[in-house]
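Participant: requesting a structural model of the entry that follows:
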Amino acid sequence: NVSFVICVSGEKAQQNQTIHCSWALRAKILLRKSENDITKETFFFRKIQMKGKTQMKIAMIGHKDFPSRSGGVEVVVYELSTRLAARGHEVTVYNRGRQKGHNAYLEQNVRVKRIFTFKKQILNAMVYSFLATFDTIFHDFDVIHYHAIGPSVPLFLAKLFGKHTVCTVHGLNWRSDKWGGFASFYLRLGEKVAARFADEVIVLSEEEKQYFLQKYNRDSILIHNAVERITPVSCNVIREKYGLEKDSYILYVGRISPEKGPQDLLEAYQKLRLQERLVLAGPIPETEFGKEMLHKIDADPRVIRTGLVQGQELAELFSNCRLFVLPSHTEGLSLALLEAMSCGGRCLVSDIPANTVITKQYGAEFEAENSDSLAAALSKELTTPKDEVLLKQEIEYVKENFDYDAVIEWHEDVYKCALNRKNEKRWEQNC
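Facilitator: Residues are numbered from 1 along each chain as shown. The predicted structure is shown next:
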């Protein structure tokens, strides 16, 4: 079989969303929508000689734990690996840190291997990703999928040993306030390694796609994160646990980390005399920043900190908040934002492209890293009546554009691309 993966765009893509080639038995098209148009992508055609393989052996490196909801990468790895395993692929995920008597096990048909690493943050991802890569080299994986740029540094070793690799860029982490010095250098190095050596690079936003194209002249494939839609539920757990009622609180879900901007939200909230409470749902790290935030949170009785939440409690928090706020300084594509939108939540986001390209007309925005702008936006949004028709349209928008079945199929196509890719240059054609 000969097949094509065709990334297309512009007016011709609109006219020819199905492309027939007289000498190809099958054509696949990866399409991205930007507003009402197909995202403008570089035209390229890649001829692939398929080897008749439908099930693949896939390794995943980069997350902290599995199964886990501790961060966006962990959620993506969980959903991707379990759904690929359900389709018959053999998936192995590499967790960080060994546990006595629990270092190799099966979870929802996904093989899990724990890899030794140091607890110290600066060494954690580096040591883990190198040791995990060495382990994959001596196993017959078809594709090694690296998640995030930091853990992608040893990707070049996998390529030296003839392995096929894919890297998903979950954000340009070196932009984060929390990284500096060697850590920032190492993240930039991982970005360069991925751009230079990965068979395929997946990005989550058009901004990242243009960044790789302009800086490294590297084509990448835009695949947005998907979301498991949250069905709205009433207050039960959160009423008993925190005394919360519907529309009685403002919600933030995510790590209490400087690049996520919870400090901006807390500062803006404390400038206002609001009747709504503020709920910060996410783990607080044992760092100077975490200790400072903890002191400020506990000093204000209107603020509730929940720690890491999931399951029914998380669904109730999303379903019943008056306003969901995402004050990030940098993002790849926020899963928390998609979850809030999936149940018709009203959203207020920082005006970085990774946020506003998702919310479109369904959310409001404020100037990133500006607590005064955020305070003004909070005041405005909390005094504006909800548009129930728009919120119903928001639910349909998420359902149509961030569906897991489509995302899993696109990943399978990308893996097949990587599996059949030699070192040839892409055949680019301006159409």
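
Participant: can you pull the pLDDT of Arg32?
Facilitator: Note on Arg32: pLDDT of 38.

Participant: helix, strand or coil for Asp59?
Facilitator: Careful, residue 59 is Ala; it's not Asp. strand (DSSP: H, G, I helix; E, B strand; the rest coil).

Participant: count of neighbours near it?
Facilitator: Residues lying near Ala59 (other CB atoms under 10 Å) number 26. For glycine as for every other residue, the C-beta is placed from the backbone atoms N, C-alpha and C.

Participant: list the contacts of stretch 83-95.
Facilitator: Residues lying outside stretch 83-95 but in contact with it, judged by CB atoms under 8 Å, 6 or more residues apart in numbering, are 54-61, 63-66, 77, 81, 108-115, 128, 132, 135-136, 139, 141, 404, 408, 411-412.

Participant: among the residues you listed, name the ones in strands.
Facilitator: Lys57, Ile58, Ala59, Met60, Ile61, Val110, Arg111, Val112, Lys113, Arg114, Ile115 (DSSP state E).

Participant: of the contacts of stretch 83-95, grab the buried ones for ChimeraX.
Facilitator: The ChimeraX selection below is limited to those of the contacts of stretch 83-95 classed as buried (16 or more other CB atoms under 10 Å):
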select :56,57,58,59,60,61,63,64,65,66,77,81,110,111,112,113,114,115,128,132,135,136,141,408,411,412
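
Participant: am I right that Gln210 sits in a strand?
Facilitator: No: judged by three-state DSSP, Gln210 forms no part of a strand; its state is helix.

Participant: what does the pLDDT read for it?
Facilitator: For Gln210, pLDDT reads 92.

Participant: next: Glu11.
Facilitator: 36.

Participant: same deal with Gln14?
Facilitator: Gln14 is given a pLDDT of 36.

Participant: okay, helices next: where are they in the stretch 51-200 of the chain?
Facilitator: In the stretch 51-200 of the chain, the helices defined using DSSP state H, counting those that start in this stretch lie at 72-86, 121-137, 155-160, 182-197.

Participant: the stretch 301-431 of the chain now?
Facilitator: 311-320, 335-342, 353-359, 371-382, 388-401, 404-419.

Participant: so which of those helices is nearest Ile256?
Facilitator: Closest to Ile256 of the helices of the stretch 301-431 of the chain, according to CB to CB: helix 335-342, at 13.0 Å.

Participant: who touches the closest one?
Facilitator: 72, 75-76, 225-230, 251, 253-254, 314, 318, 321, 324, 326, 347, 349, 355, 358-359, 362-363, 394-395, 397-399, 402.

Participant: now the buried members of the residues you listed.
Facilitator: 72, 75-76, 225-227, 229-230, 251, 253-254, 314, 318, 321, 324, 326, 347, 349, 355, 358-359, 362-363, 394-395, 397-398, 402.

Participant: what distance separates stretch 279-295 from the centre of its chain?
Facilitator: Chain-centre distance of stretch 279-295: 22 Å, with CA atoms, centre = their mean, to the nearest Å.

Participant: nope, stretch 236-255 is what I meant
Facilitator: So, by CA atoms, centre = their mean, the centroid of stretch 236-255 is 24 Å from its chain's centroid.

Participant: can you tell me the distance between the two ends of it?
Facilitator: Using CA to CA, to the nearest Å, the end-to-end distance of stretch 236-255 comes out at 24 Å.

Participant: quick check: buried residues in that stretch?
Facilitator: Of the residues in stretch 236-255, those buried (16+ other CB under 10 Å) are Val237, Ile238, Tyr242, Leu244, Ser248, Tyr249, Ile250, Leu251, Tyr252, Val253, Gly254, Arg255.

Participant: equivalent analysis for stretch 208-228, please.
Facilitator: 208-209, 211-213, 219-227.

Participant: CSV for the residues you listed, including distance to His295 and secondary structure?
Facilitator: What follows is the buried residues of stretch 208-228, written out as CSV (distance: CB to CB, whole Å; DSSP: H, G, I helix; E, B strand; the rest coil):
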residue, distance to His295, secondary structure
Glu208, 35, helix
Lys209, 40, helix
Tyr211, 37, helix
Phe212, 40, helix
Leu213, 44, helix
Asp219, 47, coil
Ser220, 42, coil
Ile221, 44, strand
Leu222, 41, strand
Ile223, 40, coil
His224, 37, coil
Asn225, 33, coil
Ala226, 38, coil
Val227, 34, coil
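
Participant: could you dump the residues you listed to JSON lines with distance to Phe289?
Facilitator: Formatted as JSON lines, the buried residues of stretch 208-228 follow (distance: CB to CB, whole Å):
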{"residue": "Glu208", "distance to Phe289": "26"}
{"residue": "Lys209", "distance to Phe289": "31"}
{"residue": "Tyr211", "distance to Phe289": "27"}
{"residue": "Phe212", "distance to Phe289": "30"}
{"residue": "Leu213", "distance to Phe289": "34"}
{"residue": "Asp219", "distance to Phe289": "37"}
{"residue": "Ser220", "distance to Phe289": "32"}
{"residue": "Ile221", "distance to Phe289": "34"}
{"residue": "Leu222", "distance to Phe289": "32"}
{"residue": "Ile223", "distance to Phe289": "32"}
{"residue": "His224", "distance to Phe289": "30"}
{"residue": "Asn225", "distance to Phe289": "26"}
{"residue": "Ala226", "distance to Phe289": "31"}
{"residue": "Val227", "distance to Phe289": "28"}
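
Participant: specify which member of those is nearest to Lys416.
Facilitator: Using CB to CB, the buried residues of stretch 208-228 come closest to Lys416 at Ile221, 12.2 Å.

Participant: surely that closest one touches Asp199?
Facilitator: No: the pair Ile221 / Asp199 is not scored as a contact, 11.0 Å apart, by CB atoms under 8 Å.

Participant: now Pro154. Nearest residue, chain neighbours left out?
Facilitator: Leaving aside its sequence neighbours, Pro154 sits nearest to Thr133 (CB to CB, 6 or more residues apart in numbering; 4.0 Å).

Participant: which residues touch the one you found?
Facilitator: Thr133 neighbours (CB under 8 Å, 6+ apart): Ile61, Ile144, Pro154, Leu155, Leu157, Ala158.

Participant: so how far is Gln361 from it?
Facilitator: 44 Å (CB to CB, to the nearest Å).

Participant: one more: Pro262?
Facilitator: For Pro262, the distance to Gln361 - CB to CB - is 26 Å.

Participant: who's more crowded, these two?
Facilitator: Pro262 (26 against 10).

Participant: quick check: the more buried one touching Leu251?
Facilitator: No: taking contacts as CB under 8 Å, Pro262 lies outside contact range of Leu251: 11.6 Å.

Participant: picking that back up, buried deepest among the helices of the stretch 51-200 of the chain, which one?
Facilitator: Among the helices of the stretch 51-200 of the chain, helix 72-86 has the highest mean neighbour count (mean count of other CB atoms under 10 Å), at a mean of 22.
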